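Visitor: Sequence first, then the predicted structure:
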Amino acid sequence: MPDKIYDELKHQLYHHHDEKLSFGEILPFTVVGAVGGILATTFELAGYPRTPLLEGGLRLVSGSGDSISEGIYTIRTELPKYLRKSLNNGGPAVYYVGGKLIGAALSWLPDYFLRSMGVDVHSSFPGSIVPAAYAQFDQVGAYLGMLAYHIKNEGLTKGFIESIKDPVSQTSLLISGGAIGIDTIARIPFSPSNFWHDWIETYALSFLCVLPVWRGRQSERNNHPNSK
């Protein structure tokens, strides 16, 4: 018994810092990054010409602040674990953030392709795909990141099933599809015609990104009451 108590105390003293990254840890950075998207209003305040490139830049900044904030924190906490070959790296939150960063980096693609095809990107549909992509393409990446995590641990078929059952993955998929519907309806009476409009519709949709991380934290608390 004394040996068991000693081992537990030793683990707490020397290995607490090696615990896997949790959704509870990254939630504050999700919120801070989402709020930080307000900085994109400088496009409007500075009086830039509303070109497709700058419009895309504004939507990218306002829609991906949460991904950038999460990414910075995750790299700062996880990279040292990989360098020292810790056994407690690469948890689901890491795959979530990694996929989210890739999705954010590719969020301009729908805008580019729709414009190339001559589609009015300010129309109700399919134009609503553009702001939804800038705001939620990172969530598509987040789902794929979680899918990769489950496949790695469970195999292809079971991993796919587990990804659908996972509350974080479920929320990512729901808000990715829901964002298009929300903006399609909003654009029926309203079409963005300046930087301010571009910012507000993308920024409002981007706050949905808090929900998957929040659900991840709730799941962690249900499964591990002592988690953050």
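Guide: Arrived safely, thanks for sending.

Visitor: In space, what's closest to Asp66 - neighbours in sequence excluded?
Guide: Gly33 (3.8 Å; C-beta to C-beta, 6 or more residues apart in numbering). Using the backbone N, CA and C atoms, a C-beta is placed for each residue, glycine as well.

Visitor: how deep is that neighbour tucked in, by neighbour count?
Guide: 23 (other C-beta atoms under 10 Å).

Visitor: got it, and the one 4 residues further on?
Guide: By the measure other C-beta under 10 Å, the count of residues near Gly37 is 26.

Visitor: Next up, the contacts around the residue nearest to it when sequence neighbours are not counted.
Guide: In this structure, Gly37 finds its nearest non-sequential neighbour in Gly65, 3.8 Å apart by C-beta to C-beta, 6+ apart. The contact partners of Gly65, by C-beta atoms under 8 Å, 6 or more residues apart in numbering, come to 33-37, 39, 206.

Visitor: All the helices of the chain, residue numbers only.
Guide: In the chain, the helices defined using DSSP state H lie at 2-15, 23-36, 42-45, 52-83, 92-105, 109-116, 129-154, 156-165, 167-186, 195-206, 210-223.

Visitor: Determine the angle, from 0 to 180 degrees, between the fifth one and helix 167-186.
Guide: Using axes from the mean of the first three to the mean of the last three C-alpha atoms, to 10 degrees, the interaxial angle of helix 92-105 with respect to helix 167-186 works out to 30 degrees.

Visitor: now for helix 92-105, which elements pack on it?
Guide: helix 23-36, helix 52-83, helix 129-154, helix 210-223 (3 or more C-beta pairs under 8 Å, 6 or more residues apart in numbering; DSSP states H and E).
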